[in-house]
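Student: attaching a predicted model along with its sequence, questions to come.
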2 protein chains.
Amino acid sequence: MPETLVECVPNFSEGRDAAKIDAIVEAVRSAGASVLHRTSDSDHNRSVVTFAAPVGVIEEAAFQAVRQAVASIDLRLHSGVHPRIGAADVVPFIPLKGVTLEDCARLAERTGRRIWDELGVPVYLYEAAALRPECRSLADIRRGNFEGLSQAVLTDPARRPDFGGPALHPSAGAVAVGARKFLIAFNVNLATPDVEIARRIARKIRFSSGGLPGIKAMGVRLASRNLAQVSMNLTDFERTPPHVAYEAVRAEAEREGVAIAGSELIGLIPQKALDLAAARYLQLEDFSSSRVLENRLAGQP
Amino acid sequence: MPETLVECVPNFSEGRDAAKIDAIVEAVRSAGASVLHRTSDSDHNRSVVTFAAPVGVIEEAAFQAVRQAVASIDLRLHSGVHPRIGAADVVPFIPLKGVTLEDCARLAERTGRRIWDELGVPVYLYEAAALRPECRSLADIRRGNFEGLSQAVLTDPARRPDFGGPALHPSAGAVAVGARKFLIAFNVNLATPDVEIARRIARKIRFSSGGLPGIKAMGVRLASRNLAQVSMNLTDFERTPPHVAYEAVRAEAEREGVAIAGSELIGLIPQKALDLAAARYLQLEDFSSSRVLENRLAGQP
């Protein structure tokens, strides 16, 4: 394994045309990064590509992915249930090995500057890479979506991009480039099409409205499956792991008289989050990762 | 990692005197094997040492462990709730990498022969190493324990050891040496001291009395904690994983009006068994180990 490793998990506003995502994945591979995972959802009309590479390679791979998305995705023709402002909507850099969150913030800043300079797409820096407090949160940046933000930048200086603008790119919108810790994208589907129930549950459990630390949540409707979904980001899984989020949704759903239909991961999950869930549900006393055969064979303590 | 890897998980009839187990562990290490785990239980008065090594090394390590146990443990002075016939009670070889179960059966046979030749302790070959059908099952070999077996070997030819005997070794009894697939030792503690409840539950869930495939189970009492325990071996965890065994115990306990106090692993658990539990309880659709970050980074498919 190389000395440093950074993960990049860009989200693209295209979840139905696989060929467009194939081309993005190919751009990432050609730049020398390892593609770890990809997933597309037709209701969200959104794709997530997960890749990793050393510091020297990850910037180029992220830039080439954005370049390919800007060339092929036209936001004016896009519809989907997930909030978005750009063809390449968000590009987070995540420290995995031998780098700090601050290193990733600098990576984000350099990549963002290049996106504006070479592609002419305005950039917001978010979370750990944010230059201004009002841009720390992705939800704040994305308020009004592509359509609303296109207007807001013209009249509200506080909503202008960090690089470029103020007008957004006509077809590609803007890109939020950031740095953050590893995040688990975890969705719980309800056995009801009633999106209002999902929204009420999301409000109850998310941190911003008094819920659990590290949970971001929203209610969306999955038309193709006729289900409502509580779509979550777990930004601090060691504090609030997936099983705690799941139980919180389940308890609120029970209060609403609704069953859980199933759940899904978007992208990847750290082994520890699964181990914590298994140990909790099996009521294992004294469990630690050192009890796992593979870890012992690999010589982990 | 070496080309071949065999695991050996001997059980010793000593769970209270740590110094005696230290000496056994030291014998294993000196022979060049990697000690992966050790655990001792004072109610069972039993210790389990888990180690792994390539084919050339594992036999010597197992033999040295048995030699040390025979020299230090006197079964005539032993009491404990777990069935046993020897100071070194069972010595299973388990294929991990580059070896078959049949290879491990031959390892067991060679090691068993050496234990009788050099230490004068009679040996039974069990499970995949068994030479006779009546010795396939450890429970059959151990029937009557050290005390009962000491008498039975003198009168019942069917119960005689495969190597040595017929009389057992006066202080060290006999050793069951065998080969088997990876096994998960998993105990569920009941919130009651009533061992009869644990025994009824064990009878309900174990395969031999019509329960679940791959579950061996017995009810024991943990005097030190004033709890009854369903003590299980899961011999085919891909067919009946720990979470299925746990749920079976929980359902039967509920019928008895008893809660689960907790559960424990003895030795190690394969990652897959934890992943299966997490995916089941979190209701993850489409989960596979390829969704685990660490696996992707390690380049696993």
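Tutor: Looks like it came in fine. Numbering: from 1, shown residues only, chains lettered A, B, ... in the order given.
Student: in chain A, which ranges drop under the pLDDT threshold?
Tutor: Along chain A, segments meeting pLDDT under 70 span A:1-2, A:80-81, A:134-135, A:300-301.
Student: so it: which segments form each domain?
Tutor: Following automatic domain parsing, one finds the domains of chain A at A:5-179, A:184-269.
Student: convert the C-alpha atoms of stretch A:88-104 to CSV, please.
Tutor: Below are the C-alpha coordinates for stretch A:88-104, written out as CSV (Å, rounded to 0.1, in the frame of the first residue of the first chain):
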residue,chain,number,x,y,z
ALA,A,88,-20.7,17.1,-10.6
ASP,A,89,-22.6,18.0,-7.4
VAL,A,90,-20.2,17.3,-4.5
VAL,A,91,-16.6,16.3,-4.5
PRO,A,92,-15.4,15.4,-1.0
PHE,A,93,-11.9,14.4,-0.1
ILE,A,94,-11.6,12.0,2.9
PRO,A,95,-8.4,11.2,4.7
LEU,A,96,-7.8,7.4,4.9
LYS,A,97,-4.1,7.0,5.6
GLY,A,98,-1.1,9.2,6.3
VAL,A,99,-3.0,12.5,5.7
THR,A,100,-5.0,14.8,7.9
LEU,A,101,-8.3,16.4,7.4
GLU,A,102,-6.4,19.7,6.9
ASP,A,103,-4.3,18.1,4.1
CYS,A,104,-7.6,17.1,2.4
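Student: near chain B at all, stretch A:221-228?
Tutor: No - contact of stretch A:221-228 with chain B (CB under 8 Å from any CB of the partner chain) is absent, the minimum separation being 10.7 Å. Where C-beta positions appear, they are placed from N, C-alpha and C, glycine not excepted.
Student: next, the buried residues of that stretch.
Tutor: Residues of stretch A:221-228 classed as buried by neighbour count (16 or more other CB atoms under 10 Å in any protein chain shown): A:221, A:222, A:227, A:228.
Student: again, but for stretch A:20-37
Tutor: A:20, A:21, A:24, A:25, A:27, A:28, A:31, A:33, A:34, A:35, A:36, A:37.
Student: now, the most widely separated pair of these?
Tutor: Across the buried residues of stretch A:20-37, the longest distance by CB to CB is 21.0 Å; it joins A:20 and A:34.
Student: what helices or strands is the longest strand belonging to chain A leaning on?
Tutor: As assigned by DSSP state E, the longest strand anywhere in chain A is strand A:88-97. If you count contacts as 3 or more CB pairs under 8 Å, 6 or more residues apart in numbering or on different chains; DSSP states H and E, strand A:88-97 packs onto strand A:5-8, strand A:11-12, helix A:55-72, helix A:101-114, strand A:175-179.
Student: for chain B, find the nearest of those.
Tutor: Nearest to chain B, of all the helices and strands packed on strand A:88-97, is strand A:5-8, at 7.4 Å by CB to the nearest CB.
Student: direction included, what does that closest one pair against?
Tutor: On the basis of DSSP bridges, the sheet neighbours of strand A:5-8 come out as strand A:46-53 (antiparallel), strand A:88-97 (antiparallel).
Student: can you show me the CA trace of that strand as CSV?
Tutor: C-alpha atoms of strand A:5-8 as CSV (Å, rounded to 0.1, in the frame of the first residue of the first chain):
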residue,chain,number,x,y,z
LEU,A,5,-4.3,7.4,0.8
VAL,A,6,-7.1,9.8,0.2
GLU,A,7,-10.7,8.8,-0.7
CYS,A,8,-12.8,10.8,-3.0
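Student: buried set for that strand?
Tutor: By 16+ other CB under 10 Å, the buried positions in strand A:5-8 come out as A:5, A:6, A:7, A:8.
Student: can I get those in a markdown table including distance to residue A:57?
Tutor: Supplementary listing: the buried residues of strand A:5-8 in a markdown table, determined by distance: CB to CB, whole Å:
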| residue | distance to residue A:57 |
| --- | --- |
| A:5 | 10 |
| A:6 | 9 |
| A:7 | 12 |
| A:8 | 10 |
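Student: and the residue of the stretch 101-250 of chain A closest to chain B?
Tutor: The stretch 101-250 of chain A approaches chain B most closely through residue A:246 (5.2 Å), counting by CB to the nearest CB.
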